[in-house]
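A.B. asks: The sequence and its predicted three-dimensional model are supplied below.
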Protein chains: 2
Amino acid sequence: MSSTKPPGGTRDFLPDEIRRREHVVGVVRRVYERYGFEPLETPAFENIETLLGKYGDEGNKLIFKILKRGEHASSGEADLALRYDLTVPLARVVAQYQNELPKFFKRYQIQPVWRADRPAKGRFREFYQCDIDSIGSTSPVVEAEQLSAVSEVLTTLGFGDFTIQLNHRVLLSAMLEAADVPAARHGEALVAIDKLDKIGKDGVAKELVARGISDASSVACLDALDSVPAFEQLIATHEKGLAARAELDRILSLVAATAAAQHVSFVPRLARGLSYYTGAIMEISVPDLAGSLGGGGRYDNLVGMFLGRDVPACGFSLGLERIIVVMTERGMFPASVAGSNADAMVTLWNDGSLSDALSLAGELRRGGVRVDVYPEADKLGKQFKYAASRNVPFVAIVGDDERANGTVSVKDLRSGEQHAMPRGDVAAFILRTSTSRTTGTP
Amino acid sequence: MSSTKPPGGTRDFLPDEIRRREHVVGVVRRVYERYGFEPLETPAFENIETLLGKYGDEGNKLIFKILKRGEHASSGEADLALRYDLTVPLARVVAQYQNELPKFFKRYQIQPVWRADRPAKGRFREFYQCDIDSIGSTSPVVEAEQLSAVSEVLTTLGFGDFTIQLNHRVLLSAMLEAADVPAARHGEALVAIDKLDKIGKDGVAKELVARGISDASSVACLDALDSVPAFEQLIATHEKGLAARAELDRILSLVAATAAAQHVSFVPRLARGLSYYTGAIMEISVPDLAGSLGGGGRYDNLVGMFLGRDVPACGFSLGLERIIVVMTERGMFPASVAGSNADAMVTLWNDGSLSDALSLAGELRRGGVRVDVYPEADKLGKQFKYAASRNVPFVAIVGDDERANGTVSVKDLRSGEQHAMPRGDVAAFILRTSTSRTTGTP
């Protein structure tokens, strides 16, 4: 007998967990739709050459590869690979459908990705990404709208205390140049600086020196990253840096008119790990979570990789799993989300009443009630107990008396109260009295 | 430059296509929830030994195998495999969480599955299955409820003309026994009989004889399959057959009290290909589609395979892709589903008006309007043209006059009419006048 656990690093989602996930995904979709983003879905796997070489050496190793079908299976040749992120598939889609897609293509995509990481607590091999990307414009309206949309998602979910850090890749380059870090070391320097919150100033200083950056440069950078005035002083004569600073200011002034207004600030130390950013970078965090709830930025050279020309692009990725972790720890899910599988359960009186029970279930469902039917004629007490164990608030009973009168007895399992009422009134009574309807499902 | 097409047998879903799919999936979920089915999701891949050997030799060949990570990648060793259907994962889940799941577990699951078939027109390597399964009861209430739920899904989607064929595996065995088909040939005989609608009586007769079944047996079967009275006559003295017939009658009498009432009939020739059915079998079809829109049946020995004991189970699978094909061909999608990405687009008057445009967009969104913002200050005519090309019905303009007055000009791009109105009235005006809101998204 093989193991019945899901594979390492993956999860089965039982009903209650799905209801929590759907509550979050429902809010994400609703808000993104209200911002004019459109849904996109791509296949779970891509041709292997589409993915290889796109995520660096480390990424390459984490790509799940699928054996070629049929006679080639024994050779170990792989021709397909599981989706590793939502950005490379987007780039492929932009190239493939360039004549069908609008000039300004704004899409959201909420799909799982797979990474062959070693499974660990909180690190999954299958997890969902929720991305928005705006393709085709370099306007700061794009960044402001994305920050507003993401803020509205979090606010709608009940987060009030999130902060969004904003920075600009060109500003960081300007700082490194002004601090005399050689151009060839910029990438490594950013990787080290990105760890500032984790390993502190001393830790980063050590890493910078270990990467062959001089003490003086290291000190200059770390001083500048301490405060906005220090940072601005260091780049005060750097032309490109000043232009990037002006761009950030335009974004910040637009943000002031949006839902993100109270949350965004310029933070020079924000670096973000990914190498492909070319402009604004942004990251969301909450006090009680190490790491971020999401992040993004402008990356004007990536989406065009399959087209052979640059295409302006800016994106933001929300971490669904982390949002759910924080919401669960804080008890942020509305009571209605936990819910039950039904608002009412129709009991079975005896074998002769099965048809009538199904009729009643049909009437209640047409009235908008979610109805389960106990499948087997059995002792009523046992049926009540089953409904209660399933958190179903009401049971409907049609015994011989009720059938003769055209009534139904409705028992509220929370209060224990039982009322007989005309059959036609039951649906409205249950909807009016029920307080445990799930709202996460459309 | 590698190809930008999705891999053979898979599809990219652009926004309009997703809206159609979500319309269907939304109805399916809403109806199944109303019947007390609960959502379940399982990982895209399983440990390879969970899947191998579960689908027969043909199935084994069609399982996508994933290379083991890390140093083993070069050996061609596969340790994971992509989900091939939703039934084996359900069986694993029932075994793994037997102490958490209710006695009568009713779940729906709508997820993609992958099969390494040769891609062909209408045959995909990635496609969605929509399954309901009821675990834990042998009551005919289970079949009746499933048939009712499936009928309500189709009726809600706008199908009026579907028929559901109902039969029973034990009845077919009884027929084969009564016709003196040797027990060892029953499986093959059913595979041949399942082709009756495709290849006709003569074709099946040839196949039966080719499989070593006597002419007399073949004729006896084919005559019995011609009509219900002929069938009943053949099994008139077969005890198990009569018991199965009585079971079907109980299901049919319960069905009469449900939404499936007008659609279901006993059809002796229905065989269904899968070997694991043990009781009632059912299949839905519409006149203009060869093949079925879905099917299912009772399979009391399969779900318990990981538990080592039988567990009663009955399931029905709807073919999402086929439903969409028929609905598209018949033009059954409501106009609102095609939709656009927004109800209104806020235009940009000039660079100085960007903040105000974002404020207006925020106000309208809070009023429930889906709003796109043109990202760059440009000629108004060009912005109108863009909105029209995106099927956005309204554009909002705040020029210098409007800003001075606290008004907004709203242009209906369908009629060409333009009205100035107080800023606070715009959202309500657009919601009232718009007729192209999508309803597929929650």
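C.D. replies: Great, that's in hand.
A.B. asks: so what's A:Glu126 bridging to?
C.D. replies: A:Trp114 (DSSP bridges).
A.B. asks: from what I can see it touches A:Arg11, true?
C.D. replies: Yes - using C-beta atoms under 8 Å, A:Glu126 and A:Arg11 qualify as a contacting pair, with a distance of 7.4 Å. Heads up, the C-betas are built off the backbone N, CA and C, glycines and all.
A.B. asks: How about the residue in the stretch 51-200 of chain A that chain B sits nearest to, nearest residue that isn't a chain neighbour?
C.D. replies: The minimum distance from the stretch 51-200 of chain A to chain B, using C-beta to the nearest C-beta, falls at A:Gly76 (2.4 Å). In space, and not counting its chain neighbours, A:Gly76 is closest to B:Gly76: 2.4 Å by C-beta to C-beta, 6 or more residues apart in numbering or on different chains.
A.B. asks: any residues in contact with both of A:Glu126 and A:Arg11?
C.D. replies: When contacts are counted by C-beta atoms under 8 Å, 6 or more residues apart in numbering or on different chains, A:Glu126 and A:Arg11 have B:Pro43 as shared neighbours.
A.B. asks: What is the least confident helix or strand in chain A?
C.D. replies: Using mean pLDDT, DSSP states H and E, helix A:335-338 stands out as the lowest-scoring helix or strand of chain A, at a mean of 81.
A.B. asks: re the thing from before, and the residue nearest to A:Gly76, what pLDDT?
C.D. replies: If you check B:Gly76, the pLDDT there is 78.
A.B. asks: Would you mind measuring from the residue lying closest to A:Lys65 once chain neighbours are set aside to A:Val410?
C.D. replies: Once flanking residues are discounted, A:Lys65 sits nearest to A:Ala78: 3.7 Å by C-beta to C-beta, 6+ apart. A:Ala78 is 59 Å from A:Val410, where distance means C-beta to C-beta, to the nearest Å.
A.B. asks: for A:Tyr277, same thing?
C.D. replies: Counting by C-beta to C-beta - A:Tyr277 and A:Val410 are separated by 60 Å.
A.B. asks: neighbour count winner among these two?
C.D. replies: Each of A:Tyr277 and A:Val410 has its neighbours counted (other C-beta atoms under 10 Å in any protein chain shown); A:Tyr277 has more, 27 against 20.
A.B. asks: for the closest residue to A:Glu417 other than its chain neighbours, helix, strand, or coil?
C.D. replies: Leaving aside its sequence neighbours, A:Glu417 sits nearest to A:Lys411 (C-beta to C-beta, 6+ apart; 7.2 Å). With DSSP: H, G, I helix; E, B strand; the rest coil as the basis, A:Lys411 sits in strand.
A.B. asks: What residues does the stretch 251-400 of chain A have near chain B?
C.D. replies: Proximity of the stretch 251-400 of chain A to chain B, by C-beta under 8 Å from any C-beta of the partner chain, involves residues A:253-254, A:256-259, A:306, A:308, A:341-342, A:345, A:348, A:354-359, A:361-362, A:365, A:369-376, A:386, A:389-390.
A.B. asks: Helices - which of those land there?
C.D. replies: The helices, defined by DSSP state H, take in A:253-254, A:354-359, A:361-362, A:365, A:386, A:389 from these.
A.B. asks: As TSV, those with neighbour count and pLDDT would be great.
C.D. replies: Shown next, in TSV, are those (neighbours: other C-beta atoms under 10 Å in any protein chain shown; pLDDT from 0 to 100):
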residue	neighbour count	pLDDT
A:Ser253	13	96
A:Leu254	25	96
A:Leu354	23	93
A:Ser355	17	94
A:Asp356	16	94
A:Ala357	23	95
A:Leu358	23	95
A:Ser359	17	95
A:Ala361	27	96
A:Gly362	21	96
A:Arg365	22	97
A:Tyr386	19	97
A:Ser389	11	94
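A.B. asks: just those now: which is nearest B:Gln96?
C.D. replies: A:Ser389 (19.9 Å; C-beta to C-beta).
A.B. asks: Do me a favour and get the end-to-end distance for stretch A:252-263?
C.D. replies: Using C-alpha to C-alpha, to the nearest Å, the end-to-end distance of stretch A:252-263 comes out at 11 Å.
A.B. asks: what's the spatially most central residue of chain A in contact with, if anything?
C.D. replies: Closest residue to the average C-alpha location of chain A: A:Leu320 at 2.9 Å, with C-alpha atoms, centre = their mean. A:Leu320 sits next to A:Arg21, A:Val24, A:Val25, A:Val28, A:Ile110, A:Phe127, A:Tyr128, A:Gln129, A:Cys130 when contact means C-beta under 8 Å, 6+ apart.
A.B. asks: what's near enough to touch the fifth one?
C.D. replies: Shown in contact with A:Ile110 (C-beta under 8 Å, 6+ apart): A:Val25, A:Val28, A:Arg29, A:Tyr128, A:Gln129, A:Cys130, A:Asp131, A:Leu320.
A.B. asks: biggest separation within those, which pair?
C.D. replies: Every pair of the contacts of A:Ile110 checked by C-beta to C-beta; the farthest is A:Arg29 and A:Gln129, at 13.8 Å.
A.B. asks: Once you drop chain neighbours, what's closest to A:Asn341?
C.D. replies: Closest residue in space to A:Asn341, ignoring its immediate chain neighbours: B:Glu38 at 4.6 Å, by C-beta to C-beta, 6+ apart.
A.B. asks: so the one you found bridges to which residues?
C.D. replies: B:Arg107.
A.B. asks: can you give me the helices for the stretch 51-200 of chain A?
C.D. replies: Counting by DSSP state H, counting those that start in this stretch, the stretch 51-200 of chain A has these helices, from start to end: A:56-62, A:87-96, A:140-157, A:169-178, A:186-193, A:196-210.
A.B. asks: Point me to the residue of the stretch 251-400 of chain A nearest chain B.
C.D. replies: For the stretch 251-400 of chain A, C-beta to the nearest C-beta, closest residue to chain B: A:Asp372, 3.2 Å.
A.B. asks: pretty sure that residue is touching A:Val346, no?
C.D. replies: Yes - A:Asp372 is in contact with A:Val346 according to C-beta under 8 Å; the separation is 7.4 Å.
A.B. asks: These two: which has the busier surroundings?
C.D. replies: A count of neighbours by other C-beta under 10 Å puts A:Val346 above the other of A:Asp372 and A:Val346, at 31 against 27.
A.B. asks: and the more buried one, how far is that from B:Gly399?
C.D. replies: Distance from A:Val346 to B:Gly399, by C-beta to C-beta: 61 Å.
A.B. asks: before we move on, what about A:Pro6?
C.D. replies: With C-beta to C-beta as the criterion, A:Pro6 and B:Gly399 are 58 Å apart.
A.B. asks: which one of the two has more residues nearby?
C.D. replies: Ranked by neighbour count (other C-beta under 10 Å), A:Pro6 and B:Gly399 place A:Pro6 first, with 21 against 16.
A.B. asks: Quick check: A:Phe333 is in a strand.
C.D. replies: No - using three-state DSSP, the assignment for A:Phe333 is coil, not a strand.
A.B. asks: In the sheet, which strands lie alongside the helix or strand that contains A:Val395, parallel or antiparallel?
C.D. replies: Taking DSSP states H and E as the definition, one finds A:Val395 inside strand A:394-397. Paired with strand A:394-397 in the same sheet, following DSSP bridges, are strand A:344-346 (parallel), strand A:407-412 (antiparallel).
A.B. asks: among the ones you listed, which is the most enclosed?
C.D. replies: Highest mean neighbour count among the strands paired with strand A:394-397 (mean count of other C-beta atoms under 10 Å in any protein chain shown): strand A:344-346, with a mean of 29.
A.B. asks: any idea how far that strand is from the chain center?
C.D. replies: The chain centroid and the centroid of strand A:344-346 are separated by 35 Å under C-alpha atoms, centre = their mean, to the nearest Å.
A.B. asks: before we move on, what about stretch A:358-365?
C.D. replies: 38 Å.
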